[in-house]
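# need coordinates for the below:
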Amino acid sequence: MSFFQFVRSEMQGSLRKLLLMSSLGGISSAAILAAINSGAQAADEGKKASLWALALFVVSLYLFIKTQIYVTTTITGEIEAVVHRFRVRLMNDIRHSELLAVDRIGRSRIISAITGDTAILTQASNTLCYSVQAPILLLFVGIYVAYLSFSALVMSVVIVTITSAIFHFRSRRLTEQRAAAIIQERRLFDRLADFLDGFKEVRLHAGRSDDLFDDAVEVSRAATNIKIRTQTETFKLIASAQSYMYLLLAAVVFVVPTFSESLSAGSITKTTTALLFVIGACFGLVQSIPVLLNANSAADRLSKLESDFRATARDAVPAKVPTRFDRIEMRDVVFRYSDDSSDTTFKIGPIDFTLQSGELVFLTGGNGSGKSTLLLLLAGLYPPDSGEITLDGVPVDDNTRDEYRALISGIFFDYHLFRRLYGISDPDPTEVDRLLRQFGLEKKTGVANSEFRTLDLSGGQRRRLALIVSLIEKRPILLLDEWTAEQDPEFRRKFYEELLPAIMQAGATVVVITHDDRYLDELNLPARRIRMDEGRIIDQRSLQA
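Residues are numbered from 1 along each chain as shown. As a prediction, this is how the structure comes out:
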């Protein structure tokens, strides 16, 4: 999808009025040219310029200024509104998509679109204004040239058409090269994310740091070389187009008179002056080509990204917010996760699992045994490839999944802590203060206007704060993935001996992924322990208080 098509499909203003004002701007420009030529001719003949020529100039200049202001402000406002509506739609599609779809599309592509590609559209707004007005200006100046010399018009049309055709066909290859450069820049974004997200690992391993840096340099070099080659070819193309325009001017001066002997010197001068307007407009269009090509590529990427999300996103269906449940069952559940960058496929299942209301379940097993994937299936964030999950006997499918997920609050291993208490209206300040004291955070942070005072906390403290948020939500089911991993020994013991009993006493159903075998052996709570290996449940037993 081109930039023009993208804006046209999104704009809400009157296109007819915009074209009308652009036409008035083109007419006024041609009229200004005619008035100036008339005055110049009168001066050459030793006469005073006629009042009608002066009046035409004044009126045309006024119309030109008014139409310019209207067109530029309208197009700028429309593009900014288009960018805003697209961002809102895309964010809405993201929040209604599924985890697998977001993983497949990739964070770098999404962020690049919302920040980089929309910025390209904004920067192209002035160019679009000129691109709308210039063809109309060329049309009316062309009519004026035809009035002066039809031969000059024919030659102008031939040269401009040939130039446009050459420019069009050579620009298609440049578009492909720009797309390749964008792909390399996304790869560079991923390498930068590796530097920042894996900073501790990079600083601990000089070899890893060197290899990652060399890889990032290579990706950056590839992107740079493609962009240099593309820009060089673009500038060559622009220089060629400018040469053709000068060739047009020379043809009118040297060739046209041989075909039209009746032309006077004054007519040639007027035609040449008019063509200087044409050449100026063509130069402006030629110089705007790189900007428009970038905008075309950005609009195409945005359109494809939205299509990819629309293919997976579901319309929001108002879901009931359940406050209780009796039983969740998994029957013959199988899930496969394929890594697009390799041929690796991870599978868990078949899984048979039952979760009763008010139950405490510990998932244990080695790394890669499938515990976290099982938790994501239980949370409804991954749909099973086969088998069935039921809530109180009702199958969990696309129509009931949102209602099912409303039962669950989860702190996953790669959790995100929001600064605001989104989705929690009017939290009880007394309860928040009590939880902050219970979790030892009362001196570290606080809540004001539903927003945490600071999130500048250690990893373990941030996990405590995330658990406080989950407890404030008061959802029936709490899922915890290695929540104690960053807690100090004192607070880890407190979790098993004080916090878990309090959570269970409040009526919650809790599923915990843990490696804390020693605490499970000393646990003073009725619970069930499930062991996993190679994606399957290999053992489960009760832990009696």
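
# quick check, residue 408 in contact with residue 470.
No. Between residue 408 and residue 470 there is no contact under Cβ atoms under 8 Å: 9.7 Å. For the C-beta atoms, the positions are set from N, CA and C on the backbone; glycine is no exception.

# common neighbours of these two, please.
Any residue near both residue 408 and residue 470 by Cβ atoms under 8 Å, 6 or more residues apart in numbering counts here, and that gives residue 478.

# can you pull out the helices in the stretch 401-545 of the chain?
For the stretch 401-545 of the chain, the helices defined by DSSP state H, counting those that start in this stretch occupy 401-405, 429-438, 459-473, 489-494, 500-505, 517-521.

# what do you get for the stretch 101-250 of the chain?
For the stretch 101-250 of the chain, the helices defined by DSSP H, counting those that start in this stretch occupy 107-111, 118-123, 125-148, 150-197, 199-204, 206-254.

# for the last one, give the mean pLDDT please.
This points to helix 206-254. Averaged over helix 206-254, pLDDT sits at 75.

# and it, what other elements does it pack with?
helix 150-197, helix 199-204, helix 265-310 (3 or more Cβ pairs under 8 Å, 6 or more residues apart in numbering; DSSP states H and E).

# so what are the domain limits for the protein?
If you go by automatic domain parsing, the domain ranges for the chain are 3-310, 327-543.

# returning to that earlier point: residue 524: which of the helices of the stretch 101-250 of the chain is closest?
For the helices of the stretch 101-250 of the chain, proximity to residue 524 was assessed by Cβ to Cβ; helix 199-204 is nearest, at 36.1 Å.

# just the pLDDT for residue 391.
In this model, residue 391 is scored at 91, pLDDT.

# my read: it touches residue 324, true?
No. The criterion here is Cβ under 8 Å, and residue 391 misses it with residue 324 at 11.1 Å.

# comparing those two, which residue is more hemmed in?
Per other Cβ atoms under 10 Å, whichever of residue 391 and residue 324 has more neighbours is residue 391, with 20 against 11.

# partner residues bridging that one?
According to DSSP bridges, the partner residues bridging residue 391 are residue 328, residue 394.

# which ones are touching it?
Residue 391 neighbours (Cβ under 8 Å, 6+ apart): 325, 327, 328, 400, 404, 407.

# how much space between it and residue 403?
As defined by Cβ to Cβ, to the nearest Å, residue 391 lies at a distance of 8 Å from residue 403.

# likewise residue 397?
According to Cβ to Cβ, residue 397 stands 11 Å off from residue 403.

# more neighbours, these two?
The neighbour count for residue 397 versus residue 403, taken as other Cβ under 10 Å, is higher for residue 403 (18 against 12).

# hmm, the more buried one is touching residue 322, no?
Yes. Between residue 403 and residue 322 there is a contact under Cβ under 8 Å: 6.5 Å.

# need the per-residue pLDDT for residue 339.
The predicted structure scores residue 339 at 61 on the pLDDT scale.

# in the stretch 1-150 of the chain, which spans are strands?
For the stretch 1-150 of the chain, applying DSSP state E, counting those that start in this stretch gives no strands.

# so, low pLDDT: which residues of it?
Within the stretch 1-150 of the chain, the stretches with pLDDT under 70 are 1, 4, 13, 40-49, 126, 128-133.

# got the contact list for residue 516?
By Cβ under 8 Å, 6+ apart, residue 516 lies in contact with 484, 492, 496.

# same deal with residue 465?
Listed by Cβ under 8 Å, 6+ apart, the contact set of residue 465 reads 417, 439, 441, 445, 452, 455, 457.

# can I assume the first one is in contact with residue 462?
Yes. Under the contact definition of Cβ under 8 Å, residue 417 touches residue 462, with a separation of 5.3 Å.

# which of those two has more residues huddled nearby?
Ranked by neighbour count (other Cβ under 10 Å), residue 417 and residue 462 place residue 462 first, with 18 against 13.

# show me the contacts for the more buried one.
Listed by Cβ under 8 Å, 6+ apart, the contact set of residue 462 reads 417, 455.

# per-residue pLDDT, it?
Value for residue 462, per-residue pLDDT: 90.

# separation between it and residue 513?
As judged by Cβ to Cβ, residue 462 and residue 513 stand 18 Å apart.

# now do residue 469
Note on residue 469: its distance to residue 513, by Cβ to Cβ, is 19 Å.

# now residue 425
For residue 425 relative to residue 513 (Cβ to Cβ), the value is 30 Å.

# just residue 202 next, same as before
27 Å.

# between the two, who's got more neighbours?
For the pair residue 202 and residue 513, the greater number of neighbours falls to residue 513 (23 against 18), based on other Cβ under 10 Å.

# number of nearby residues for residue 437?
Neighbour tally, residue 437, other Cβ under 10 Å: 11.

# dump the residue contacts of it.
Contacts of residue 437 by Cβ under 8 Å, 6+ apart: none found.

# tell me how far it lies from residue 430.
Residue 437 sits 11 Å away from residue 430, taking Cβ to Cβ as the criterion.

# with residue 511 instead?
29 Å.

# between those two, who's got more neighbours?
residue 511 (26 against 8).

# bridging residues for the more buried one?
Under the criterion used (DSSP bridges), residue 511 bridges to residue 361, residue 479.

# hmm, residue 411 is touching residue 467, no?
Yes. In this structure residue 411 lies within contact range of residue 467 using Cβ under 8 Å: 6.1 Å.

# now do the shared contacts for these two.
When Cβ under 8 Å, 6+ apart defines a contact, the residues bordering residue 411 and residue 467 alike are 480, 483.

# can I get the helices of the stretch 101-250 of the chain in TSV including distance to residue 74?
Output for those, formatted as TSV (distance: least, Cβ to Cβ, whole Å):
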stretch	distance to residue 74
helix 107-111	30
helix 118-123	15
helix 125-148	9
helix 150-197	26
helix 199-204	47
helix 206-254	28
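
# nearest to residue 29, of these?
When those are compared by Cβ to Cβ, helix 125-148 sits nearest residue 29, at 5.0 Å.

# quick one: contacts of the closest one?
Helix 125-148 has contacts (Cβ under 8 Å, 6+ apart) with 3-4, 7, 18-19, 22-23, 25-27, 29-30, 33-34, 68, 71-72, 75-76, 79-80, 152-153, 156-157, 267, 270-271, 274-275, 277-278, 281-282, 284-285, 288, 291-292, 295.

# same thing with stretch 103-112?
Residues contacting stretch 103-112 (Cβ under 8 Å, 6+ apart): 90, 94, 102, 182, 185-187, 189-190, 193, 305, 308-309, 340.

# hmm, back to that, which of the helices of the stretch 101-250 of the chain is buried the deepest?
With neighbours taken as mean count of other Cβ atoms under 10 Å, those reach their highest mean count in helix 125-148, at a mean of 20.

# what about the stretch 251-400 of the chain, any weak spots by pLDDT?
Applying pLDDT under 70 to the stretch 251-400 of the chain picks out residues 251-268, 279-287, 289, 313-321, 339-344.

# quick revisit: just the buried residues from the contacts of helix 125-148, in ChimeraX please.
Burial among the contacts of helix 125-148 is assessed by 16 or more other Cβ atoms under 10 Å; the matching ChimeraX selection reads:
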select :3,7,18,22,23,25,26,27,29,30,33,34,68,71,72,75,79,152,153,156,267,270,271,274,275,277,278,281,282,285,288,291,292,295
